[in-house]
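Enquirer: Below is the sequence, then the predicted model.
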Amino acid sequence: MEKPGLELLQGTLDLLVLRILAAGPQHGWGIAQRLQVLSEDVLRVNQGSLYPALYRLEREGHIAAEWGSSDNNRRARFYRLTKSGRRQLDSETQTWSRMAAAVARVLETA
Amino acid sequence: MRGVGSVLRSLPLRLRTLLERGRFESELDEELRSHVERQVEANVRAGMSPAQARRAALLSFGSLDAVKEECRESRGVHFFDTLGQDLRYALRSLKRNRGFTAAVVLTLGLGIGANTAIFSVVNGILLRPLPYGEGARIVSLRHDLKETNAAGIGFSPVEIEDLRRLSTSLDALSEYHSMNFTLLGGAEPLRVRTGVVSSNFFDMLGVGPLFGRAFRPDDEVHGAEPVLLLSHAWWLQAFGGDPAVVGRAFRMNDRPHLVIGVLPPLPAYPDENDVYMPSTACPFRARAAATGGRQARMLSAIGRLQRGVAPEAAHAELSSVMSALAGELGDAYLTPGTPSVAVEPTRELMVRTARPTFLILLATVAFVLMIACANVANLALARLLDRGREIALRAALGAGRRRLLRQLLTESLVLALAGGVVGLLFAVATQGAVVRFASRFTPRASDVGLDGTVLAFTLAISLIAGLLFGTLPGLPSAEQLARSASSDDGRLTGGPGRRRMRAGLVVAQVALSFTLVIGAALLLRSFAKLQAVHPGFEVENVLTVRLDLNFRAFLDAEGRTDVPRLATLHESLHERIAALPGVVAVSNAWTFPLNARFDNDGTVQLEGRPPGGPPVRAELIGTTPDYFRALGVPLKQGRFLTAADRGTESDAILVNERFAARELPEGALGRRLSYDGGKTWRTIVGVVGDMRQAGLAEEPKPSGYLPFSQFPGVSSSLIVRASLPPATLVAAVRKAVHDLDPDAAVSAPRTLAEIRHDSIASPRLTAQLLGLFAGLALAIAATGLSGVLAYSVSQRTREIGVRVALGAAPGDVLRLVMREGLSSLGLGLALGLVAALGLSRLVARLLFGVEPTDPLCFAGSLAVLVVAGTIACLVPARRAVAVEPVQALRTS
């Protein structure tokens, strides 16, 4: 039985993508899979919407892409984190944690 | 809005995407498809049928085309598409509005062109390093004696050697002096200005020859064959740029001189020399070293600082070296006074007089460009309001505010760049004149050119101008757009903010142009004063000619100048010239009047004056008896020199009024003075009127006049007063000279009127240029004022119609419009006045006989602005008066 998926908050997709790539280079489909597995299918990402995010992150220089061969020798475009992406991930993670903690505090005490 | 930085950073990727558009598309397609394929496989593995698997995969992916479009957007593919669209749209729209486009491009073109031209000079002379390998370390030395206020007494050959040996702050030192010699071997004797230097001079500067070789140490030893290096300019002028001149020998000072090389183009510093020779080749220098000893101070010194040594440190070190020598040597050193060696960076000396002029001109053209930008901003604003419906339509069709703004900005930048191109053409066309103008101020004019820095400057100011007038008008609010779309004429009504901005721009234009007009008025008045200065002599109908004899031909048996023979030659020459029809008086002197380069100021002693007082200074000039008659200088006391004041018997000298009044107010006639420390004494036999010898702006110096026949130079000036136009005498004078001495060089024939005219050419050109810019600024500001008012009238046509219909008289309408225009004018004038009072101090250095706050200039400029401004307001105001109420009401 499928659980009802959660829509992603604006801007969180970037953070998750960066986090997944921090573990190592990955192609688009792989990223989508990891996203689903890691969130235990809670987070629902329209798979197509992953790509514009990847292209934007690439333009901003946070990730870099190159063609390589994946399992069973198929061509795939691999994305990896750049130095600026690592910095971005750190600062975004912090922001996110503070945000989440603050929201949680408000919800508990109000 | 994202920063410009991130746009720039992502530009390479965007460009690559643009250039490899096909590859981008195919890769995007491949990537997305392979994603779907993988998902299909995964779904099959999970137990779906292939058809089910594909459907589920596509469903979870979303619309492939939509994703692709989003990816393109993310990657910035559209950046260039949009740019292309915007550009095409801008060009179309500008083509439709030819009048607007032409006005903007021309106004900006003039502003940008003037800025480019002036900046090219500032860049060439003030910003670029000297075209020497070691330009920053090259310094000029000046030998001063502190207590006696003797500045620049020069160095003797012995002292140059001393400094070379003892100084620790210089790593190279060269002597320098410049002389005129006669070069024989061409069609007629040529007078060549010769720089005499040490053999290390060009090595020290870091300059190699264009052709041939540079000087070597063995060119500067006793008995070495004399060699010449040609300056680039003279090589072009005299030999048409023929490299074969290297290796040719010319006769000079009765010896063959071998041309060993040609120099590259260099600043005409220290002088505009035609050729250079090593010190041993100069007969005067050789004689001074042999006979003059320590006191033969005829040389300048140019050196190169050790790395890391500041000019001030070198000044202290060299001064102490010289003081120590003076202490050791006592009387052999010279006159009283502590020696001091000033060390001035050569680069600074070259541009010192040019800097204030060109910085003021740069500020002026910057003002002109600002006024032009304000005008264009107002035009753009008016146009924007007219385009309300068009913009509203585009907004309704889905263009976002950012997109609309970007479109407007693209248009402004296209206009500004077109203006930049026009400005560049303007600068190219005026380059020759600009370089000639600059050459009146600095020897570095040859470094002026339109190089990369200038082009970058032009591009930068074009873009800044475009951004400025493109963003100032801003974008109307959605509400305003909606209103204009539904109005009948499709116009936007400028809100109060926009009206204030338009008025503000006009006020700024008026203020800036008023400031410029005041500046120009000050310089023009200053020039008029300079022009009106009476130099102390009559310039009309006088011809001057430089005369350079072959010095070797006038040496006696002991190798000294043969004074009697030289004196006789000049006397016979005067007889021949005096016999020419139309000649009134003929004379010779060491120099010609208003020669700013001549400086023979020195200390003299007065008989009976106890030592220890302030030094008595006088400029000494050798003149023949008719000198003052030829120049029309009055005799004030005593007598002129006569033909009898010759030989060894006469001790006569004349002084000018200034000397007599300053030093001998009790009576000058019969008093005696000495210019050589008391060895010889001369009796004052007459007092003559003051002459401005060094320039119209320079006060006459206290001067003494010696009989030329006792001190006849081989280089002198012939001064001839005629009853005919003096220029007609040149050929006859030249013939008279060559009949007597075929080896004499006759050069630079000029009338005194021309000399006077040329001597004030730089202040005249500066004043004219500033006047031109101020006029331009005023014209642009006046059209601006007129245009804004006209626009306001056109917007208020209906209101005016209603007023007239309700019985307003033409006078009321006129007042209504004029009040609006004149209040802008008045505010602008008030602000301009404040600015001018603050800024006019900056031109003080360029002014002669005029205070920077000269009331007449301020009042005159005010009158000009008021008249021009009133006329500018009257044109639209009269149109308002002509409004027919019926028609006005019908148009709405």
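Expert: That came through fine.

Enquirer: and B:Trp704, what helix or strand is that in?
Expert: For residue B:704 the amino acid is Gly, not Trp. Assigned by DSSP states H and E, B:Gly704 belongs to strand B:703-707.

Enquirer: Quick check: neighbours of that strand in the sheet, parallel or antiparallel?
Expert: strand B:616-623 (parallel), strand B:652-656 (antiparallel) (DSSP bridges).

Enquirer: Going by mean pLDDT, which of those strands comes out lowest?
Expert: For the strands paired with strand B:703-707, the bottom mean pLDDT is recorded on strand B:616-623, which sits at a mean of 92.

Enquirer: Give the next helix or strand downstream of that strand.
Expert: Counting by DSSP H and E, what follows strand B:616-623 is helix B:627-631.

Enquirer: For that next one, output the C-alpha coordinates as CSV.
Expert: The C-alpha trace of helix B:627-631 is given here as CSV (Å, rounded to 0.1, in the frame of the first residue of the first chain):
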residue,chain,number,x,y,z
TYR,B,627,68.4,96.4,-31.6
PHE,B,628,66.1,98.7,-29.6
ARG,B,629,65.3,100.8,-32.7
ALA,B,630,64.4,97.6,-34.6
LEU,B,631,62.1,96.6,-31.7
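
Enquirer: What mean pLDDT does it get?
Expert: pLDDT averaged over helix B:627-631 gives 96.

Enquirer: Check the offset of that helix from the chain's centre.
Expert: Centre-to-centre, helix B:627-631 and its host chain are 36 Å apart (CA atoms, centre = their mean, to the nearest Å).

Enquirer: who does the helix or strand following it touch, helix- and strand-wise?
Expert: Later in the chain than helix B:627-631, the nearest helix or strand by DSSP H and E is strand B:635-638. Applying 3 or more CB pairs under 8 Å, 6 or more residues apart in numbering or on different chains; DSSP states H and E, one finds that strand B:635-638 contacts helix B:657-663, strand B:682-688. Glycine gets a C-beta too; all of them are placed from N, C-alpha and C.

Enquirer: could I get the ones you listed as JSON lines with mean neighbour count?
Expert: Formatted as JSON lines, these follow (neighbours: other CB atoms under 10 Å in any protein chain shown):
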{"stretch": "helix B:657-663", "mean neighbour count": "20"}
{"stretch": "strand B:682-688", "mean neighbour count": "22"}
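
Enquirer: between those, which one is nearest to chain A?
Expert: Smallest distance to chain A across those (CB to the nearest CB): 76.7 Å, for helix B:657-663.

Enquirer: same for the lengthiest helix in chain A, what does it pack against?
Expert: Ranked by residue count and defined by DSSP state H, the top helix of chain A is helix A:83-109. Helix A:83-109 sits against helix A:12-22, with contacts defined as 3+ CB pairs under 8 Å, 6+ apart.

Enquirer: what's in contact with the helix it packs on?
Expert: Applying CB atoms under 8 Å, 6 or more residues apart in numbering or on different chains, the contact partners of helix A:12-22 are A:8, A:26, A:31, A:34-35, A:38, A:43, A:45, A:49-50, A:53-54, A:56-57, A:62-63, A:79-81, A:85-86, A:88-89, A:92-93, A:96.

Enquirer: please redo it, this time with the cut-off set to 10 Å
Expert: Contacts to helix A:12-22, defined as CB atoms under 10 Å, 6 or more residues apart in numbering or on different chains, come from residues A:8-9, A:26, A:28, A:30-35, A:38-39, A:43, A:45, A:49-50, A:52-54, A:56-57, A:60, A:62-64, A:78-82, A:85-86, A:88-90, A:92-93, A:95-96.

Enquirer: Moving C-terminal from that helix, which element do we reach first?
Expert: Counting by DSSP H and E, what follows helix A:12-22 is strand A:26-27.

Enquirer: I'd like to know the average pLDDT value across that following strand.
Expert: On average, the pLDDT along strand A:26-27 is 90.

Enquirer: tell me which residues of the longest helix of chain A are tucked away?
Expert: By neighbour count with 16 or more other CB atoms under 10 Å in any protein chain shown, helix A:83-109 contains the buried residues A:85, A:88-89, A:92, A:96.

Enquirer: Next one, pLDDT for the residue nearest the centre of chain A please.
Expert: Centroid-nearest residue in chain A: A:Val17, 1.8 Å away (criterion: CA atoms, centre = their mean). Per-residue pLDDT puts A:Val17 at 90.

Enquirer: separation between it and B:Gly76?
Expert: 19 Å (CB to CB, to the nearest Å).

Enquirer: quick revisit: could you dump the buried residues of helix A:83-109 into a markdown table and include pLDDT?
Expert: Below are the buried residues of helix A:83-109 laid out as a markdown table (pLDDT from 0 to 100):
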| residue | pLDDT |
| --- | --- |
| A:Gly85 | 90 |
| A:Gln88 | 90 |
| A:Leu89 | 91 |
| A:Glu92 | 88 |
| A:Trp96 | 87 |
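
Enquirer: what helices or strands is the longest helix seen in chain B leaning on?
Expert: Longest helix in chain B, counting residues (DSSP H): helix B:401-439. Counting contacts by 3 or more CB pairs under 10 Å, 6 or more residues apart in numbering or on different chains; DSSP states H and E, helix B:401-439 packs against helix B:77-96, helix B:98-121, helix B:354-386, helix B:388-396, helix B:452-471, helix B:478-486, helix B:761-795.

Enquirer: wait, what's in contact with B:Leu594?
Expert: Counting by CB under 10 Å, 6+ apart, B:Leu594 touches B:535, B:537, B:539, B:544, B:691-696, B:698, B:752, B:755-760.

Enquirer: Filter those down to the ones in helices?
Expert: Going by DSSP H, the helices hold B:752, B:755-759 from the contacts of B:Leu594.

Enquirer: so can I have CSV of these showing neighbour count and pLDDT?
Expert: Below are the ones in helices among the contacts of B:Leu594 laid out as CSV (neighbours: other CB atoms under 10 Å in any protein chain shown; pLDDT from 0 to 100):
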residue, neighbour count, pLDDT
B:Leu752, 25, 95
B:Ile755, 18, 95
B:Arg756, 22, 95
B:His757, 15, 93
B:Asp758, 13, 91
B:Ser759, 20, 92
